[in-house]
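# fold the following.
(one chain, ligands or ions: 2)
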Amino acid sequence: QEVREKIAAGEVIERPLSVVKELVENSIDAGAARISVSLSQGGKSWIVVEDDGRGIPFEDLPMAVLRYATSKIKSLDDLFNIRSLGFRGEALASIGAVSRMEIRSRFEGDDVGGLILCEGGEVLACHRIPRQLGTTVRVEELFYNLPARRKFLRAAAAETRRISQFIQEMSLVWHDRWFTLTSDGRRILDRRPVGSKREAAQALWGCEPREGRMEMDGIRCVTLWSGHGDGRGGMVIFVNQRRVWDTNIRAAIQGASGSARGDWVVFIDLPPEDVDVNVHPTKGEVRFKRPRDIFSVVYGAVQSAVGIVTM
Ligand code: ADP
Ligand code: MG
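Ligands and ions are numbered 1, 2, ... in the order given. The predicted structure is shown next:
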């Protein structure tokens, strides 16, 4: 039982970045305007994510840390109609299984908050506490009970770099939120809310992005390009606000941009029923019902950013 729990947890939680990703996604789902992430030793010592979102009702705290107890998937159809970032109800349970995790939260409308403390998947304490609206999750000693996995973690600086990259990417899609990252007491990122994705990309690149668009049969694509320059040719792709890795879309960007160098951010929006995001527990891979149409729309939107006019 305990072994199974740890294996399942390991599928979702690979490294400090996975913890940060799941916690930040929960904050976004909770409607937070302000999300602050703090780390010590690249997250190997501790990670704290704090938000001002709607909070977790005290009675729900034990459920929140139980695997699948909060799953939003009640039927197969639900899989094709997902509007929140989280839906499997396994992130907090997984984190709690491989660390010492403390959640403090107060739900909107409640006048006292609650605290729950888990260690290696067991609830050690759960009681009421006074606190402000919102949620703070503290994760200590990640993989303390999985020494083999702990050994595979990189140096603190490398783990911090990944997390910083992730938060910068989040600030592109969730540009109306305020993200900060503090590492070993030093504020290393401060992304204030801005009015558009374009402004968010400008804050990231330090130059005016070029923009391309295309729309066809309910598939909408907006591309932002850093322009010629010494960009390393990064491609960051979002599908319905979700960061994805997809070779088909990468091929479209590569093919359409030709010799144009620079960084790309690509936003694709389509009806949720046309995309399956439940391919893998970390949700980085998606499956499209109409991959060829996606290819064409991205291709066109990339061409329009680099200034190639298509008939
Ligand atoms: P999922 O996000 O897939 O539902 P999680 O294990 O990540 O599963 O979270 C379990 C539940 O706990 C969520 O569905 C949500 O109701 C609640 N929750 C977690 N984090 C927060 C947060 N920061 N603010 C409000 N509610 C939260
Ligand atoms: Mg979640």
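# which secondary structure elements does the helix ranked longest in the chain contact?
When secondary structure is assigned using DSSP state H, the longest helix within the chain turns out to be helix 156-173. In terms of contacts (3 or more C-beta pairs under 8 Å, 6 or more residues apart in numbering; DSSP states H and E), helix 156-173 is packed against helix 16-29, strand 34-40, strand 178-183, strand 186-191, helix 197-205, strand 235-239, strand 242-244. All C-beta atoms are positioned from the backbone trio N, CA, C, and that covers glycine.
# now the angle from it to strand 178-183?
Helix 156-173 runs at 180 degrees relative to strand 178-183, counting by axes from the mean of the first three to the mean of the last three C-alpha atoms, to 10 degrees.
# that older thread, which among the helices and strands packed on helix 156-173 is found nearest to ligand 1?
For these, distance to ligand 1 was read as C-beta to the nearest ligand atom. The smallest value, 3.3 Å, belongs to helix 16-29.
# and the closest one, how far out from the chain middle?
Averaging C-alpha positions (C-alpha atoms, centre = their mean, to the nearest Å) puts helix 16-29 6 Å from its chain's average.
# please shift the residue numbers so they start at 610 in all later answers.
Will do, 610 is the new start, and the previous item becomes helix 625-638.
# contact partners of it?
Contacts of helix 625-638 from elsewhere in the structure, counted by C-beta atoms under 8 Å, 6 or more residues apart in numbering, are 621-622, 644, 646, 648, 651-653, 656, 658, 660, 662, 693-695, 700-701, 703-704, 708, 744, 746, 748, 751, 762, 768, 771-772, 775-776, 779, 783, 786, 891.
# please apply the same query to stretch 849-863.
Defining contact as C-beta under 8 Å, 6+ apart, one finds that stretch 849-863 is touched by 694, 778-779, 782-783, 832, 844-848, 873, 875, 877-879, 881, 884, 886, 892-895, 897, 900, 903-905, 907-908, 911.
# just the ones in helices from those, please.
Reading helices off those with DSSP H, I get 778-779, 782, 900, 903-905, 907-908, 911.
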